[in-house]
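Chemist: Take this sequence and fold it.
(chains A and B)
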Amino acid sequence: NAGVTQTPKFRILKIGQSMTLQCTQDMNHNYMYWYRQDPGMGLKLIYYSVGAGITDKGEVPNGYNVSRSTTEDFPLRLELAAPSQTSVYFCASSYTGGGTEAFFGQGTRLTVV
Amino acid sequence: GESVGLHLPTLSVQEGDNSIINCAYSNSASDYFIWYKQESGKGPQFIIDIRSNMDKRQGQRVTVLLNKTVKHLSLQIAATQPGDSAVYFCAENIRGGADGLTFGKGTHLIIQP
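Modeler: Just a heads-up that it's a prediction; the model follows:
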(Lines give C-alpha, C1' and ligand atoms only; values in the text may rest on other atoms or scores of the structure.)
Protein backbone atom coordinates (compact mmCIF):
# COMPACT_ATOMS: atom_id res chain seq x y z
CA ASN A 1 0.00 0.00 0.00
CA ALA A 2 1.18 3.50 -0.79
CA GLY A 3 -0.53 5.01 2.27
CA VAL A 4 -0.78 8.80 2.06
CA THR A 5 0.83 10.38 -1.00
CA GLN A 6 1.50 14.09 -1.34
CA THR A 7 2.61 16.01 -4.40
CA PRO A 8 4.68 18.00 -5.05
CA LYS A 9 7.49 17.46 -2.53
CA PHE A 10 8.92 20.94 -3.01
CA ARG A 11 7.58 24.15 -4.50
CA ILE A 12 8.62 27.78 -4.67
CA LEU A 13 5.84 30.30 -5.26
CA LYS A 14 5.90 34.01 -5.85
CA ILE A 15 3.72 36.24 -3.70
CA GLY A 16 0.19 36.30 -5.07
CA GLN A 17 0.47 33.06 -7.03
CA SER A 18 -1.90 30.16 -6.48
CA MET A 19 -1.34 26.44 -6.24
CA THR A 20 -2.93 23.21 -5.16
CA LEU A 21 -1.23 20.70 -2.91
CA GLN A 22 -2.41 17.22 -3.76
CA CYS A 23 -3.09 14.47 -1.25
CA THR A 24 -4.41 10.99 -1.87
CA GLN A 25 -4.75 7.94 0.35
CA ASP A 26 -5.46 4.33 -0.52
CA MET A 27 -6.53 3.08 2.91
CA ASN A 28 -10.22 3.91 2.50
CA HIS A 29 -10.03 6.25 5.49
CA ASN A 30 -12.94 8.58 5.99
CA TYR A 31 -11.01 11.19 7.96
CA MET A 32 -8.40 13.36 6.32
CA TYR A 33 -6.42 16.34 7.59
CA TRP A 34 -4.11 19.08 6.46
CA TYR A 35 -1.45 20.36 8.86
CA ARG A 36 1.29 22.91 8.51
CA GLN A 37 4.57 22.76 10.36
CA ASP A 38 6.68 25.84 10.83
CA PRO A 39 10.40 25.50 11.71
CA GLY A 40 10.96 24.15 15.21
CA MET A 41 7.25 23.90 15.87
CA GLY A 42 4.57 21.28 16.16
CA LEU A 43 1.87 20.71 13.59
CA LYS A 44 -1.14 23.00 13.35
CA LEU A 45 -4.41 21.85 11.81
CA ILE A 46 -5.55 23.80 8.75
CA TYR A 47 -8.61 21.88 7.56
CA TYR A 48 -10.09 18.47 8.05
CA SER A 49 -12.72 16.26 6.49
CA VAL A 50 -14.84 13.52 8.01
CA GLY A 51 -15.88 12.10 4.66
CA ALA A 52 -16.52 12.86 1.02
CA GLY A 53 -18.36 16.15 0.61
CA ILE A 54 -17.72 17.31 4.18
CA THR A 55 -14.95 19.68 5.23
CA ASP A 56 -14.37 21.93 8.21
CA LYS A 57 -11.90 24.51 9.44
CA GLY A 58 -9.11 23.72 11.82
CA GLU A 59 -6.95 26.04 13.90
CA VAL A 60 -5.30 28.03 11.05
CA PRO A 61 -7.60 27.99 7.97
CA ASN A 62 -7.10 31.56 6.69
CA GLY A 63 -5.61 31.71 3.20
CA TYR A 64 -6.50 28.12 2.35
CA ASN A 65 -9.37 26.16 0.86
CA VAL A 66 -10.08 22.46 0.55
CA SER A 67 -12.45 20.13 -1.19
CA ARG A 68 -13.29 16.47 -0.73
CA SER A 69 -15.07 15.09 -3.77
CA THR A 70 -13.87 11.52 -3.21
CA THR A 71 -12.82 9.44 -0.24
CA GLU A 72 -9.29 9.17 -1.60
CA ASP A 73 -8.43 12.79 -2.42
CA PHE A 74 -8.18 15.89 -0.26
CA PRO A 75 -6.46 18.75 -2.13
CA LEU A 76 -5.41 21.97 -0.37
CA ARG A 77 -5.65 25.20 -2.34
CA LEU A 78 -3.63 28.37 -1.74
CA GLU A 79 -5.27 31.22 -3.64
CA LEU A 80 -2.97 34.20 -3.03
CA ALA A 81 0.31 32.98 -1.65
CA ALA A 82 1.92 35.05 1.10
CA PRO A 83 5.35 34.72 2.77
CA SER A 84 3.57 33.69 5.98
CA GLN A 85 2.50 30.51 4.18
CA THR A 86 6.08 29.35 3.85
CA SER A 87 5.96 26.07 5.72
CA VAL A 88 5.96 22.31 5.40
CA TYR A 89 2.50 20.93 4.74
CA PHE A 90 1.44 17.47 5.83
CA CYS A 91 -1.62 15.56 4.83
CA ALA A 92 -2.88 12.77 7.06
CA SER A 93 -5.70 10.29 7.19
CA SER A 94 -7.23 8.13 9.87
CA TYR A 95 -9.87 5.44 10.15
CA THR A 96 -11.82 7.31 12.82
CA GLY A 97 -11.82 10.90 13.95
CA GLY A 98 -8.98 11.44 16.37
CA GLY A 99 -9.42 8.21 18.24
CA THR A 100 -6.94 6.25 16.23
CA GLU A 101 -3.53 6.88 14.80
CA ALA A 102 -3.27 9.17 11.81
CA PHE A 103 -1.04 8.21 8.90
CA PHE A 104 0.99 11.05 7.45
CA GLY A 105 2.34 11.79 4.03
CA GLN A 106 5.93 12.80 3.43
CA GLY A 107 5.13 16.49 3.30
CA THR A 108 5.31 19.36 0.83
CA ARG A 109 7.91 22.02 1.50
CA LEU A 110 6.54 25.33 0.25
CA THR A 111 8.49 28.57 0.03
CA VAL A 112 6.77 31.83 -0.88
CA VAL A 113 9.10 34.59 -2.06
CA GLY B 1 -2.47 28.76 23.90
CA GLU B 2 -1.40 25.21 23.23
CA SER B 3 -2.92 22.49 25.28
CA VAL B 4 0.03 20.20 24.82
CA GLY B 5 3.60 21.20 25.55
CA LEU B 6 6.99 19.70 26.28
CA HIS B 7 9.43 20.35 29.11
CA LEU B 8 12.66 20.22 27.09
CA PRO B 9 13.25 21.08 23.46
CA THR B 10 16.43 18.94 23.18
CA LEU B 11 17.44 15.73 24.92
CA SER B 12 20.89 14.23 24.50
CA VAL B 13 21.52 10.63 25.60
CA GLN B 14 24.27 8.07 25.26
CA GLU B 15 23.69 5.18 22.92
CA GLY B 16 22.41 2.23 24.92
CA ASP B 17 20.93 4.35 27.70
CA ASN B 18 17.23 4.77 28.28
CA SER B 19 15.53 7.96 27.12
CA ILE B 20 12.60 9.66 28.77
CA ILE B 21 10.70 12.35 26.91
CA ASN B 22 8.11 14.30 28.85
CA CYS B 23 4.93 16.06 27.84
CA ALA B 24 2.43 18.15 29.77
CA TYR B 25 -1.14 18.74 28.75
CA SER B 26 -3.64 21.16 30.18
CA ASN B 27 -7.00 19.99 28.87
CA SER B 28 -8.59 17.55 31.30
CA ALA B 29 -11.11 16.61 28.57
CA SER B 30 -8.36 14.96 26.52
CA ASP B 31 -8.83 11.23 26.46
CA TYR B 32 -6.48 9.96 23.80
CA PHE B 33 -2.76 10.59 23.55
CA ILE B 34 -0.28 9.59 20.92
CA TRP B 35 3.45 9.83 20.38
CA TYR B 36 4.91 10.46 16.95
CA LYS B 37 8.48 10.29 15.73
CA GLN B 38 9.60 12.60 12.98
CA GLU B 39 12.89 12.06 11.23
CA SER B 40 14.45 14.85 9.26
CA GLY B 41 12.61 15.50 6.01
CA LYS B 42 9.87 12.98 6.72
CA GLY B 43 6.32 12.98 7.96
CA PRO B 44 5.44 12.01 11.55
CA GLN B 45 5.40 8.30 12.21
CA PHE B 46 3.21 6.65 14.84
CA ILE B 47 5.05 5.19 17.83
CA ILE B 48 2.50 4.37 20.49
CA ASP B 49 -0.79 5.61 21.86
CA ILE B 50 -2.70 5.45 25.11
CA ARG B 51 -6.23 6.16 26.22
CA SER B 52 -7.15 7.96 29.38
CA ASN B 53 -8.51 4.81 31.01
CA MET B 54 -4.96 3.44 31.13
CA ASP B 55 -1.85 4.65 32.91
CA LYS B 56 0.76 2.59 31.10
CA ARG B 57 1.18 0.95 27.75
CA GLN B 58 4.16 -0.89 26.36
CA GLY B 59 5.35 -1.47 22.86
CA GLN B 60 8.57 -2.70 21.37
CA ARG B 61 11.31 -0.85 23.33
CA VAL B 62 8.88 1.95 24.12
CA THR B 63 6.59 2.62 27.06
CA VAL B 64 4.11 5.43 27.47
CA LEU B 65 3.07 6.53 30.95
CA LEU B 66 0.05 8.69 31.62
CA ASN B 67 -0.52 10.53 34.88
CA LYS B 68 -3.92 12.15 34.71
CA THR B 69 -3.62 13.67 38.18
CA VAL B 70 -0.84 16.01 37.08
CA LYS B 71 -1.71 15.92 33.36
CA HIS B 72 1.63 14.46 32.38
CA LEU B 73 2.64 12.05 29.66
CA SER B 74 6.03 10.46 29.09
CA LEU B 75 7.65 8.31 26.46
CA GLN B 76 10.38 5.94 27.56
CA ILE B 77 12.70 4.43 24.97
CA ALA B 78 14.81 1.52 26.18
CA ALA B 79 18.39 0.96 25.00
CA THR B 80 18.45 4.00 22.75
CA GLN B 81 19.90 3.40 19.31
CA PRO B 82 21.26 5.81 16.67
CA GLY B 83 18.09 5.26 14.65
CA ASP B 84 16.09 6.78 17.48
CA SER B 85 17.48 10.23 16.67
CA ALA B 86 14.47 12.30 15.70
CA VAL B 87 11.99 14.86 16.95
CA TYR B 88 9.30 13.33 19.13
CA PHE B 89 5.86 14.88 19.40
CA CYS B 90 3.11 14.14 21.82
CA ALA B 91 -0.40 14.84 20.63
CA GLU B 92 -3.84 14.67 22.15
CA ASN B 93 -7.41 14.31 21.07
CA ILE B 94 -10.37 15.47 23.03
CA ARG B 95 -13.07 12.86 23.50
CA GLY B 96 -12.79 11.40 20.03
CA GLY B 97 -13.31 14.72 18.35
CA ALA B 98 -13.23 14.62 14.56
CA ASP B 99 -10.89 17.57 14.31
CA GLY B 100 -7.72 15.58 14.62
CA LEU B 101 -4.89 15.90 17.05
CA THR B 102 -3.36 18.84 18.90
CA PHE B 103 0.42 18.65 18.76
CA GLY B 104 3.08 19.95 21.09
CA LYS B 105 6.27 21.62 19.86
CA GLY B 106 8.40 18.49 19.97
CA THR B 107 11.60 17.27 21.62
CA HIS B 108 14.71 16.67 19.58
CA LEU B 109 16.37 13.46 20.77
CA ILE B 110 20.10 13.34 20.05
CA ILE B 111 22.00 10.07 20.46
CA GLN B 112 25.65 10.33 21.36
CA PRO B 113 28.01 7.43 20.56
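
Chemist: Assign a three-state SS to B:Gly83, would you?
Modeler: Of the three states, B:Gly83 takes helix under DSSP: H, G, I helix; E, B strand; the rest coil.

Chemist: What ranges does the chain have for its strands?
Modeler: Defaulting to chain A. Using DSSP state E, the strands of chain A run over A:4-7, A:10-13, A:19-25, A:31-37, A:43-51, A:54-57, A:64-66, A:76-78, A:87-94, A:103-104, A:108-112.

Chemist: The chain in question should be chain B.
Modeler: Secondary structure of chain B by DSSP E: the strands cover B:4-5, B:10-14, B:19-25, B:30-38, B:45-51, B:56-58, B:62-67, B:72-77, B:86-94, B:102-103, B:107-112.

Chemist: helices or strands up against the fourth one?
Modeler: Translated: strand B:30-38. Here strand B:30-38 touches strand B:19-25, strand B:45-51, strand B:62-67, strand B:86-94, going by 3 or more CB pairs under 8 Å, 6 or more residues apart in numbering or on different chains; DSSP states H and E. All C-beta atoms are positioned from the backbone trio N, CA, C, and that covers glycine.

Chemist: Between the strands of chain B, which has the poorest mean confidence score?
Modeler: The weakest mean pLDDT among the strands of chain B belongs to strand B:4-5, with a mean of 54.

Chemist: residue ranges with poor pLDDT in chain A?
Modeler: Chain A contains residues with pLDDT under 70 at A:1, A:98-99.

Chemist: Mind listing the residues bridging to the spatially most central residue of it?
Modeler: Centroid check for chain A by CA atoms, centre = their mean gives A:Trp34 as the closest residue, at 3.0 Å. Listed beta-bridge partners, A:Trp34: A:Tyr47, A:Cys91 (assigned using DSSP bridges).

Chemist: and it, what does it touch?
Modeler: A:21, A:23, A:45-48, A:58, A:64, A:66, A:74, A:76, A:89-92 (CB atoms under 8 Å, 6 or more residues apart in numbering or on different chains).

Chemist: Report pLDDT for B:Ser28.
Modeler: As predicted, B:Ser28 sits at a pLDDT of 84.

Chemist: what's the neighbour count on it?
Modeler: Using other CB atoms under 10 Å in any protein chain shown, B:Ser28 has 11 neighbouring residues.

Chemist: okay, the strands of chain A in a markdown table with distance to B:Thr69 next?
Modeler: Output for the strands of chain A, formatted as a markdown table (distance: least, CB to CB, whole Å):
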| stretch | distance to B:Thr69 |
| --- | --- |
| strand A:4-7 | 36 |
| strand A:10-13 | 45 |
| strand A:19-25 | 38 |
| strand A:31-37 | 30 |
| strand A:43-51 | 28 |
| strand A:54-57 | 33 |
| strand A:64-66 | 39 |
| strand A:76-78 | 40 |
| strand A:87-94 | 29 |
| strand A:103-104 | 31 |
| strand A:108-112 | 41 |
